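Peer 1: missing the sequence, but the structure's below:
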């Protein structure tokens, strides 16, 4: 079902946890609410569920205003951060709970629970109690329980926060498959940008109760609307430059002044992949020492230390790394291929400036 | 857990945690606990039954069917039949309010609940005499309407309610606080209203605390002496509860009668404890059965 959030604000006392937020989630979409903790994303989710009332603004589900509709009547499935399973009931009764409340007939309940346990690979665990399950199993019981009464919307609060890294990876893919199979409108809250990028169709980014940007993972990565988003999504090198003699500079690095006057400051940012490195000291204008190489699976992150002590981060594939003959402690030269002016936080950003030629976006960026 | 490790010579050594006390301390503590419970709990209890049957079964039976003793038993059962449900309802409401809501005066309510523990039962009884007795504030008003509170059943019930006020609430508050509100919210998102949430989710999760509270409340309601003694007036066959009857018979040198009724009180306590243990064991077995029913590993979901 489509969900529309219209200018909602939620205040707890004097503190605005959510501040004038509007966005729309389309039928069948899988959307992430992303932001640092305390960003208001969970509050938005709970308001959509009806567990919190907005101080101002409207929430519409399928075009109908649901502000005054009780949580019981909204027909949503909610998966809580710490599962909130019913500890006194076994798996079967947990999943069947919503159906019993809705007064389904016993054979229908049994069929539906069996169907969900099959779908969520929980078969054979019917009689187990929550404390006899692993974290991943509990998570899936919570999802099965939420899905059982065929909700219009599935809402998940930090669904993978409480399981370890490997399981989290599996659950993510699994959520994508589940969403693909059931095609139920799904909103989930996460503070993990990687998780949001990987799983969702679109991402809604929050910070301090404000909506910073909505877009596809690619959009928010490639066209961040402000410095917060640019820094939050993926890794970014940020430099503060001061204009002097018609060029903006920090230590030995120089950039065009973009029309700024002498003494004025500007902030720029560039992704690690925009830093091109060569082991030939003469290849590029700037010099640095390769301080450290971080292995991130297929990608490597390289830390460069400039003679002035400034540290920049670069990124490349393993193949590139070995082709260039790089190693820790090597003297290298480098260039910054393109960057973005971030002059001040909160403003729309100017488009990326290419200092050399356009380069294709490296796949796997953001790992 | 201490595991058994085979040494090279083939004899078994029990491995120990570094923090474990020496065997001497362990057995000393176990010994002290055992001796104390034997001497101060079990022996007196056994003695109650021994004294009750001192003059044979016939005398015991005769003591029990005495009409005044019979009246005392009925009164005690009536008092606890009123007191326990009243304090159970109050206890659940108070524990719910304290555990799930934030409101002004919450700490005052918590303190008030503990008041009966702090006040001597005799003082509690006197409070009611001062309120409802003939010389009390409401005394003449009640007397005009021919309502008897003091030296009658209503006074006994009131005093017992006061004394057993904290038991259910005290047991429930910590378990309710520990259970939190997440499961209840989950029930609501699944469509359950307030009553269903309470009945299917909240109650089962605090079941043991509630049962404990009710057992303690009931034991005290049946056994209360001090407060009831002040308000009852000791009218034989009318306002004597079982504990009062025990005292009266004992003072009349009817030790078989006194101990016969005392043995009934003790028996009631043992039965309630027995029921509690049985319920606990049953719940445990159900859980074990659930664990064993699915020993076969499942493919593809070991996360």
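Peer 2: Thanks, I have the structure now. Everything quoted here is computed from the prediction, not taken from an experiment. Residues are numbered from 1 along each chain as shown, chains lettered A, B, ... in the order given.
Peer 1: Show me what from the stretch 101-250 of chain B comes close to chain A.
Peer 2: Within the stretch 101-250 of chain B, the residues that sit near chain A (C-beta under 8 Å from any C-beta of the partner chain) are B:182-183, B:185-193, B:196, B:200-201, B:204-205, B:207. To be clear about C-beta, it is placed using only N, CA and C from the backbone, and glycine gets the same treatment.
Peer 1: So which residues of the stretch 201-303 of chain B form helices?
Peer 2: B:203-205, B:207-223, B:226-232, B:242-251, B:255-292 (DSSP state H, counting those that start in this stretch).
Peer 1: In helices only, show me the residues of the stretch 101-250 of chain B next to chain A.
Peer 2: B:182-183, B:185-189, B:196, B:204-205, B:207 (DSSP state H).
Peer 1: For stretch B:36-54, buried residues please.
Peer 2: B:48-49, B:51-52 (16 or more other C-beta atoms under 10 Å in any protein chain shown).
Peer 1: Among those, which pair sits farthest apart?
Peer 2: B:49 and B:51 (7.4 Å; C-beta to C-beta).
Peer 1: overlap in contacts of these two?
Peer 2: Residues touching both residue B:49 and residue B:51 by C-beta atoms under 8 Å, 6 or more residues apart in numbering or on different chains: residue B:259.
Peer 1: Residues contacting the helix ranked longest in chain A, please?
Peer 2: Secondary structure of chain A per DSSP H: the longest helix is helix A:165-182. Here helix A:165-182 makes contact (C-beta under 8 Å, 6+ apart) with A:30, A:119-120, A:135-136, A:139-140, A:143, A:147, A:156, A:159-160, A:163, A:186, A:188, A:195, A:198-199, B:303.
Peer 1: Recalculate using a threshold of 10 Å.
Peer 2: Contacts with helix A:165-182, where a contact means C-beta atoms under 10 Å, 6 or more residues apart in numbering or on different chains, come from A:28-30, A:119-121, A:134-137, A:139-140, A:143, A:147, A:150, A:154, A:156, A:159-163, A:184-186, A:188, A:190, A:192, A:194-195, A:198-201, B:300-303.
Peer 1: which of the helices of the stretch 201-303 of chain B sits most buried?
Peer 2: helix B:226-232 (a mean of 23; mean count of other C-beta atoms under 10 Å in any protein chain shown).
Peer 1: Low-confidence bits of chain A, can you list those?
Peer 2: Scanning chain A with the threshold set as pLDDT under 70 gives A:1, A:162, A:343-367.
Peer 1: Quick one: the helices in it, in order.
Peer 2: Counting by DSSP H, the helices of chain A are A:41-49, A:91-101, A:106-119, A:135-147, A:165-182, A:193-199, A:217-222, A:227-232, A:318-323.
Peer 1: I figured residue A:186 was touching residue A:200, is that so?
Peer 2: Yes: under the criterion of C-beta atoms under 10 Å, residue A:186 makes contact with residue A:200 at 8.7 Å.
Peer 1: So for these two, which residues contact both of them?
Peer 2: Joint contacts of residue A:186 and residue A:200 (C-beta under 10 Å, 6+ apart) are A:29-32, A:175-176, A:179.
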